Each structure stands twice: as structure tokens, then as C-alpha cells.
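In: Test case, fold it:
(one chain, ligands or ions: 2)
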Amino acid sequence: MKNVPTLDIRRFDTDRDAFVAELGAAYREFGFCCISGHGVTHELIENAYGVFQRFFALPEDVKMKYHVPGTGGARGYTPFKVETAKDSQFPDLKEFWHIGREIDPGSKFADTMAPNLWPSEVPDFKQYGYALYEALDQLGARVLRALALHIDLPENYFEDKIDQGNSILRPIHYPPIEGDVPNVRAGAHEDINFITLLVGASAAGLEVFTREGEWLPITTTGDAIVVNIGDMLQRLTNHVYPSTTHRVVNPPGADASKPRYSVPFFLHPNPDVVLDPLPQCVSEDNPSRYDTSITSHEYLQQRLREIRLI
Ligand SMILES: O=C(O)CCC(=O)C(=O)O
Ligand SMILES: [Fe+2]
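Out: Numbering: from 1, shown residues only. Ligands and ions are numbered 1, 2, ... in the order given. All right, here's what the predicted structure looks like:
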């Protein structure tokens with residue numbers, strides 16, 4: 001079976017043309033690629049995982065202090081079994097926390113990006129959580145530079161479209177599975193945003209639905225970060241970069257009693273970016289698939305309703 005490749009992003013500086021071609025080919029084929037050599041330190045990842053695990057170990061009533069109903073879980077805590085994949089009958093077996101961008105209160109986007117909540121019970125949560133947010137925001141911008149070049153856009157095309165992106169870092173806890181349940185850890189879905197950078201797919205469970213119609217497991221080696229395309233970039237690129245369906249399955253046997261932690265960073269465009277197909281991605285063979293305009297903010301609201309977060 002074919003495999004999602006791992007590419008060393010340092011080659012963007014040393015061996016650019018080949019790297020861009022290989023990265024582009026991986027995304028056209030899978031919508032996914034694993035990135036190594038990214039410079040996000042092992043120490044930062046470990047420290048961030050440490051504070052996230054300490055938070056999830058708190059009693060439910062303490063965690064619920066940080067749940068803000070009616071806001072789509074945009075900031076703070078979302079309890080177990082709330083998010084439900086679009087076509088699924090059963091909610092996912094996960095709880096999570098959302099960290100958003102720290103913006104100037106006078107920003108024109110202050111209405112759409114609420115201030116962060118920080119759990120006072122875990123003092124270093126903000127320090128390590130936001131450091132990981134910024135590191136993945138910067139890594140995402142590098143990946144987007146390569147993705148821009150691959151479709152004949154200027155290298156800095158995405159720069160002013162993501163500098164105030166409504167991006168979210170989502171530490172997730174999948175608790176041990178109890179009994180025989182119809183729910184899965186994360187039902188089959190596509191991500192909503194531009195690209196997702198996933199730290200910690202080293203524990204088994206993540207699977208990608210290939211073009212051939214098979215579920216392909218992804219587990220990374222070392223500190224490689226899984227980076228995949230979301231629906232907003234799929235729309236903007238008129239499906240040249242596909243947003244691939246993926247899920248997190250319940251582990252078999254004794255592994256079911258082990259928890260799983262993962263930390264996706266959902267890199268979003270600025271709220272006012274219009275997601276119309278780029279002319280570079282429209283051709284006779286691939287005519288425009290969308291005839292209505294939509295901003296990334298409107299698009300996000302529609303999608304959050306579908307997954308029952310608002
Ligand atoms: O936990 C994982 O490995 C993937 C999570 C995921 O796909 C998501 O939260 O969108
Ligand atoms: Fe996902």
C-alpha cells in the first residue's frame with residue numbers, strides 16, 4: 001500500500017525545487033504529508049503535553065468552569081461527547097481545550113476572536129500552550145509558502161491572509177474506552193480550516209481515507225508533525241489540494257484501556273479572506289466548482305453548526 005511520505009522541511013532552504021515538487025505531489029495524492037526537521041523543539045512539545053495532561057486530569061467540575069456554552073467551544077474547555085462528526089449519529093469520545101490568537105483588543109477582528117481563557121489550576125498552561133501555538137503558526141506559514149509556489153503563486157501569497165488568522169490550538173484527550181460502545185474517538189470528517197498541523201500522532205489511531213477508498217493508518221516517527229489540507233484551502237484551490245477525510249479509531253484489545261492525547265493546530269485564514277477559487281487553480285480540465293462567494297468567517301459559522309458546536 002502507498003504511504004503518506006515524511007519530508008524534511010529544511011530542504012525548502014537547501015533543495016527548494018525538489019522539495020516543493022515532492023510536497024505538492026504528496027498533497028495532491030493524499031491531502032496529507034508528515035513534516036520533519038521543523039525546529040519545534042522536543043522540549044516544547046513535552047512541556048506542552050505535560051500541562052495539557054495536567055489539565056485533563058482535573059475533576060470534571062473544575063474543568064467545567066472553563067466551558068462557555070453557546071460559543072462553539074471557541075475558547076476554553078469542551079467536555080466529553082459533545083462534538084459530533086457531520087454525518088455521524090454518535091458523538092466523539094473526546095474532550096478538548098481551545099487556545100486562540102492573542103489579539104490587540106482594538107483589532108478589527110476583536111468581535112470574532114474572543115480573549116483566551118487560562119486554567120489557574122495549571123500555572124504553566126499559558127506559557128507552554130501559547131508557545132506551541134506560535135511555533136505551529138510559524139511552521140504553518142512555511143508550509144504555505146511551499147504550497148503557494150507549487151501552484152504558481154508568489155511565495156508570500158498567504159502571508160497577509162493568515163497574519164491575523166482565527167487559528168486554534170486544540171489539545172485533545174481521548175480517555176480509555178469503556179465497554180462496547182458504538183462511538184469512535186473521532187468520527188470520519190474533514191477539517192474546516194486552511195491547513196492542520198498535528199503534533200503527537202505517534203500513538204496509533206489516526207487513519208486517512210485514500211483515493212483508492214481504503215483507510216490508511218498514519219503514525220509518525222520521532223517528532224514529525226502531520227500536516228493536512230482543510231476545506232477552506234480545498235475551496236480556495238478548487239480542489240487541487242484535497243481536504244481528505246480522516247478519523248481516529250478505537251484501538252483493539254488492551255490498548256483500548258489506554259488514553260490517547262493529540263494536539264492539532266487548525267490554521268485559519270484571517271476572518272475577512274474570501275474563499276473563491278484562485279484563477280491559477282481553474283482550467284478547462286478543472287472548471288470552477290463554486291459560484292457563490294463566502295468569507296472564511298461565514299464559512300466557519302456554517303460548519304460549526306453542522307458539527308453541533310454552535
Ligand atoms: O487526534 C488526532 O490524531 C486527529 C484529530 C483530528 O482529526 C481533529 O481534531 O480534527
Ligand atoms: Fe481532523
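
In: doesn't residue 17 fall inside a helix?
Out: Yes: under DSSP: H, G, I helix; E, B strand; the rest coil, residue 17 sits within a helix.

In: Next, residue 227: phi, psi?
Out: When read as degrees, to the nearest 10, the backbone of residue 227 gives phi -120, psi 120.

In: Now do the same for it: its pLDDT.
Out: The model reports residue 227 with a pLDDT of 98.

In: how about it, what does it touch?
Out: Contact analysis of residue 227 by C-beta atoms under 8 Å, 6 or more residues apart in numbering lists 32, 33, 34, 35, 140, 143, 195, 196, 197, 198. In this view, the C-beta of every residue, glycine as well, is placed from N, C-alpha and C.

In: tell me which element the closest residue to residue 88 other than its chain neighbours is part of?
Out: Distance criterion C-beta to C-beta, 6 or more residues apart in numbering; nearest residue to residue 88, sequence neighbours excluded, is residue 187 at 4.0 Å. Per DSSP states H and E: residue 187 is located in strand 186-189.

In: quick check: mean pLDDT across the next helix or strand after that strand?
Out: With elements assigned by DSSP H and E, the helix or strand that comes after strand 186-189 is strand 195-199. With pLDDT averaged residue by residue, strand 195-199 scores 96.

In: Which residues does the strand holding residue 187 contact?
Out: Here strand 186-189 makes contact (C-beta under 8 Å, 6+ apart) with 84-88, 90, 92-94, 174, 209, 245-248, 307.

In: swap the cut-off to 7 Å and go again
Out: 85, 86, 88, 92, 94, 209, 245, 247, 248 (C-beta atoms under 7 Å, 6 or more residues apart in numbering).

In: Looks like the fifth one contacts residue 177 (just checking).
Out: No: at 11.3 Å, residue 94 does not count as touching residue 177 under the criterion of C-beta atoms under 7 Å.

In: So for those two, which sits in the more crowded spot?
Out: Set residue 94 next to residue 177 and count neighbours by other C-beta atoms under 10 Å: residue 94 wins out with 23 against 19.

In: residue contacts, the more buried one?
Out: Shown in contact with residue 94 (C-beta under 7 Å, 6+ apart): 80, 172, 173, 174, 185, 186.

In: give me every residue that touches the second one.
Out: By C-beta under 7 Å, 6+ apart, residue 172 lies in contact with 94, 96, 261, 262, 263.

In: Just the closest residue of this protein to ligand 1, please.
Out: Going by C-beta to the nearest ligand atom, ligand 1 is nearest to residue 262 of the chain, at 3.4 Å.

In: Measure how buried that residue is and give me the count.
Out: Residue 262: 25 neighbours (other C-beta under 10 Å).

In: what's the helix or strand for it?
Out: Going by DSSP H and E, residue 262 is part of strand 260-267.

In: Would you mind naming what in the chain lies close to ligand 1?
Out: Residues of the chain found near ligand 1 (C-beta under 6 Å from any ligand atom) are 170, 172, 186, 191, 198, 201, 206, 246, 248, 262, 264.

In: Swap in 8 Å and give it another go.
Out: 94, 96, 170, 172, 174, 185-186, 189, 191, 196, 198, 200-201, 205-206, 226, 246-248, 260, 262, 264, 266 (C-beta under 8 Å from any ligand atom).
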